[in-house]
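# Provide a 3D model corresponding to the input given below.
(one chain, ligands or ions: 1)
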Amino acid sequence: MIIAVDGPAASGKGTIARALARHYGLPHLDTGLLYRAVGLCVLRNGGDPADPADALAGCDFSDAMLGDEQLRSEAAGAAASRVSAHPRVRAALIERQRAFAGQPGGAVLDGRDIGTVIAPHADAKLFVKAAPAVRARRRHDELSARGLDTSYDRVLADIRERDRRDTMRDHAPLAQADDADLLDTTFMGIDAAVDRALSLVEARIRTAGRD
Ligand code: CDP
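Now for the predicted structure:
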């Protein structure tokens, strides 16, 4: 079974995807980490994430980089959102993601274009969203808990900017697939959001079983 979970920054998609993977005993891939690795690699090479050649060179990141603490930084996130707009970067990462999705037994993947581009035939697709102010609050709390000192207003501005870039880009923009279930977590705690995600996936599996 393949489960696709897409949505904007701090919508709760990662937590939901991990919970679904645990529940069904499936491997999970946070595809944002791949774009973050490219972004971080470009920054460390002294390159410009907006430059197509610099961004493509960043795709040579080592597997060890996927465990790098710095991947979680806002700088890596912002660089990721810039490198991810280049079609050749997306193309360089596509096979790895499709191979993960296609492994025997299936997988859970979360990102921006899983239900639309990477796994359009996924058995269940969720599009997770929440109001920008709520997402900024969650991300700010997350950063503060990690001891990173940044203002709420700065985090909100970054989130709005990233939303704009991710939805406006020409290639594989952030979008809800036609056959994805929408899950708005604005007024939900994480447990309620995970419960709702599980019941949406279960309903999809039941419907598929009847076809
Ligand atoms: O959770 P958060 O949005 O902070 O970060 P992420 O999911 O790690 O994604 C970082 C950036 O990578 C996003 O802003 C997207 O521009 C890009 N990305 C993408 O283009 N396609 C994906 N499948 C996953 C991430």
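# the ligand contacts on the protein?
Along the chain, the residues adjacent to the ligand under the rule C-beta under 6 Å from any ligand atom are 9-10, 14, 31-32, 35-36, 77, 80-81, 84, 111-113, 162, 166. For glycine as for every other residue, the C-beta is placed from the backbone atoms N, C-alpha and C.
# which of those fall within strands?
Of the residues of the chain next to the ligand, the ones assigned to strands by DSSP state E are residue 111.
# and which of the residues of the chain next to the ligand is nearest to residue 202?
residue 14 (20.6 Å; C-beta to C-beta).
# count of residues packed around that closest one?
Look at residue 14: counted by other C-beta atoms under 10 Å, it has 19 neighbours.
# next: residue 143.
Using other C-beta under 10 Å, residue 143 is surrounded by 18 other residues.
# my guess is it meets residue 74, correct?
Yes. Under the criterion of C-beta atoms under 8 Å, residue 143 makes contact with residue 74 at 7.2 Å.
# hey, what's in contact with both of those two?
Counting by C-beta atoms under 8 Å, 6 or more residues apart in numbering, the common neighbours of residue 143 and residue 74 are 150, 155.
# packing partners of the lengthiest helix in the chain?
Identified as the longest helix of the chain according to DSSP state H is helix 190-210. Helix 190-210 sits against helix 13-24, strand 124-129, strand 181-184, with contacts defined as 3 or more C-beta pairs under 8 Å, 6 or more residues apart in numbering; DSSP states H and E.
# packing partners of the longest one?
What that stands for is helix 13-24. Packed next to helix 13-24, using 3+ C-beta pairs under 8 Å, 6+ apart, are strand 2-6, strand 28-30, strand 107-111, strand 124-129, helix 190-210.
# can I get those in CSV with distance to residue 52 and mean pLDDT?
As requested, the helices and strands packed on helix 13-24 are exported to CSV (distance: least, C-beta to C-beta, whole Å; pLDDT from 0 to 100):
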stretch, distance to residue 52, mean pLDDT
strand 2-6, 24, 98
strand 28-30, 25, 97
strand 107-111, 21, 98
strand 124-129, 29, 98
helix 190-210, 36, 93
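# closest to residue 176 out of those?
In terms of C-beta to C-beta, the element of these nearest to residue 176 is strand 124-129, at 3.9 Å.
# list the contacts of the closest one.
When contacts are taken as C-beta under 8 Å, 6+ apart, the neighbours of strand 124-129 outside the stretch itself are 1-8, 11-13, 16, 114-115, 176-177, 179-186, 193, 197, 200-201, 204-205.
# for stretch 133-150, same thing?
Stretch 133-150 has contacts (C-beta under 8 Å, 6+ apart) with 8-12, 72-74, 130, 151-152, 155-156, 159, 185-186.
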